[in-house]
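Peer 1: Predicted model follows, preceded by the sequence.
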Amino acid sequence: MKMRRITALLLALLLLLAFAACGKQEAEEPEQSEAPELEEPAEFPVELRDTIILEEPEGVVSLSPALTELMQEMGLGGTLEGVSDYCDSNLPRCGTPQQIDFDAIEDSGADLVVTTAALADEDLTELLQMDIDVLVLPRAGSLEELKDLYIDLGRAVMGEITGRRMGEELWQGFEDRMNDLALRGEEFADSRESTPTVIFLRMLDFTMATGDTFEHDLLEEMGFQNLAAEYGDWVFPQDKAAELTPTLIISDDAITIPVLEKNATYKGTQAVIKDQVVTVDMEAFERQTPRLLDELERVADFLFDGVVEARSAQTEGETI
C-alpha cells in the first residue's frame, strides 16, 4: 500500500515537471510575426531623361509654349507658377530658354523648370544652385516619341504612378483619334482604288514635311503618300520640282489657293486646278498637343467625306 502511494507521488511529480518544461518551452518560442504588408510603390523620386526629381514639385515654370499648352491639356495647369515670354497666359513671365529671368523664377516659388530647348551650361548650373530641377523634353520626332513626351511630363509633375497614368490617358485619347483618321483614310483609298498623294507645305516654295519629320508620320498614318518622303530637313530639292504632282496640298494658313495660283511651281498642279488645298494652323503641329488632330480632322472632312459618300451613293444606285 505504501509502495503504491510512493509510486503515485512519483508519477504526479513527473507530470508536474513535464508541464513545467512545456510551459518554459512555449514561453521561449517567439511569437509568429504577421506577414509584412506590401508597400505601395512611391510616386517619387522619379528618374527620367537626365534628371532625377526627388519630391513632388511645389510649382512648375514652363519655358516652352508647347509644354505650357500640353500641361493644360493634361489638367496640370494648376501647378504652373510661371511661363515663357511667348506663352499666352496671365502667369508671371520668366523669360525664354535663351534668356532666363532668374529673379522671376525665384519669385514664383517653383522648384521645377520644363523646357523643350536645352539651356546653356551656366544657366543650368545657376538653376540647380537655386535648388530648382530642370527637365528638357525636346519636340517629338515621331509618334512613339510623342507618347514618351506625354508620359514623361506627367511623371515629372505628378509622380511615377499618377503622372504616368495621366500621360497615358492623354496619349490613349490621341491614339484613338489618330486610328479613326487612319480608318477614314483607308476607306477613301478603297473608294478611289488609289493612294492620295500629298505635300505638307510650310513655306513657299520648297519647305515641306520630308520623310524625317513628325508631320510625315502623321501623313502616313492617314494613308497619304507623301511626295517629299525621300528627302530630309524640311527641304524638297528645287531641281525635282516636276515631281510635285499632289492630289492634295496641306499648307500654312498664309498659303491659300489664290497665292498658289500665282506660283510657278504649283499653279499647274491638279491640287490647285481642282481646288484641293487645305490650310491648317501650323502652330498646332509645332506644339504637338491633341489640338493638331483638330486640324487633321478638318483635312479628312474636306477630302475624305465627300468622295466616300459619293462612292457609297453610286454603289447603292448600281445595286438598285
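Peer 2: Looks like it came in fine.
Peer 1: so who does Thr115 touch?
Peer 2: Contacts for Thr115 (Cβ atoms under 8 Å, 6 or more residues apart in numbering) come out as 62-64, 67, 97, 134-137. C-betas here are computed from N, CA, C, even on glycine.
Peer 1: In space, what's closest to it - neighbours in sequence excluded?
Peer 2: Leu63 (4.1 Å; Cβ to Cβ, 6 or more residues apart in numbering).
Peer 1: Could you measure from the one you found over to Leu146?
Peer 2: Here the criterion is Cβ to Cβ, to the nearest Å. By it, Leu63 lies 20 Å from Leu146.
Peer 1: Report the residue ranges of every domain in the protein.
Peer 2: 51-138, 172-319 (automatic domain parsing).
Peer 1: for the stretch 201-320 of the chain, what spans make up the helices?
Peer 2: 214-221, 257-261, 270-273, 282-287, 291-300, 306-319 (DSSP state H, counting those that start in this stretch).
Peer 1: In PDB, list the C-alpha atoms belonging to the second one.
Peer 2: Right, the one you point to is helix 257-261. Listed next in PDB are the C-alpha coordinates belonging to helix 257-261 (Å, rounded to 0.1, in the frame of the first residue of the first chain):
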ATOM      1  CA  ILE A 257      -5.300  78.900-103.400                       C
ATOM      2  CA  PRO A 258      -5.000  82.500-104.800                       C
ATOM      3  CA  VAL A 259      -1.400  82.500-103.700                       C
ATOM      4  CA  LEU A 260      -0.700  79.100-105.200                       C
ATOM      5  CA  GLU A 261      -2.400  80.100-108.500                       C
END
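Peer 1: what helices or strands is it leaning on?
Peer 2: Where contact means 3 or more Cβ pairs under 8 Å, 6 or more residues apart in numbering; DSSP states H and E, helix 257-261 is packed against helix 270-273.
Peer 1: again, only this time at 10 Å
Peer 2: If you count contacts as 3 or more Cβ pairs under 10 Å, 6 or more residues apart in numbering; DSSP states H and E, helix 257-261 packs onto strand 248-252, helix 270-273, strand 277-280.
Peer 1: returning to what we had before: give me the more crowded residue out of Leu63 and Leu146.
Peer 2: Comparing Leu63 with Leu146 by other Cβ atoms under 10 Å, the one with more neighbours is Leu63, at 29 against 21.
Peer 1: ok, now which ones touch the more buried one?
Peer 2: 82-87, 94-101, 105, 113-117, 119, 134, 136 (Cβ atoms under 10 Å, 6 or more residues apart in numbering).
Peer 1: C-alpha coordinates for the longest strand along the chain, PDB please?
Peer 2: If you go by DSSP state E, the chain has its longest strand at strand 197-203. What follows is strand 197-203, C-alpha atoms only, in PDB (Å, rounded to 0.1, in the frame of the first residue of the first chain):
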ATOM      1  CA  THR A 197      -0.600  61.900-102.900                       C
ATOM      2  CA  VAL A 198       0.100  65.000-100.700                       C
ATOM      3  CA  ILE A 199       2.600  67.600 -99.700                       C
ATOM      4  CA  PHE A 200       2.600  69.400 -96.300                       C
ATOM      5  CA  LEU A 201       3.800  72.900 -97.300                       C
ATOM      6  CA  ARG A 202       5.100  75.100 -94.500                       C
ATOM      7  CA  MET A 203       6.700  77.800 -96.600                       C
END
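Peer 1: May I see the buried residues of that strand?
Peer 2: Judged by neighbour count using 16 or more other Cβ atoms under 10 Å, the buried positions of strand 197-203 are 197-202.
Peer 1: Could you do stretch 284-301 as well?
Peer 2: For stretch 284-301, burial by neighbour count (16+ other Cβ under 10 Å) applies to 284-290, 292-293, 295-296, 299-300.
Peer 1: Let me know the closest of those to Ile273.
Peer 2: Using Cβ to Cβ, Val299 is the member of these that sits closest to Ile273, with 18.9 Å.
Peer 1: Gly77: neighbouring residues, count only.
Peer 2: 15.
Peer 1: thinking it is in contact with Ser89, fair?
Peer 2: Yes - using Cβ atoms under 10 Å, Gly77 is in contact with Ser89, at 8.9 Å.
Peer 1: Can you pull the residues that touch both of these two?
Peer 2: Listed as contacting both Gly77 and Ser89 by Cβ under 10 Å, 6+ apart are 62, 68-69.
Peer 1: how about stretch 271-278: buried residues?
Peer 2: For stretch 271-278, a neighbour-count test (16+ other Cβ under 10 Å) marks 271-272, 276-278 as buried.
Peer 1: May I see those arranged in TSV, with distance to Glu187 as well?
Peer 2: Converted to TSV, the buried residues of stretch 271-278 look like this (distance: Cβ to Cβ, whole Å):
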residue	distance to Glu187
Ala271	21
Val272	25
Gln276	18
Val277	22
Val278	18
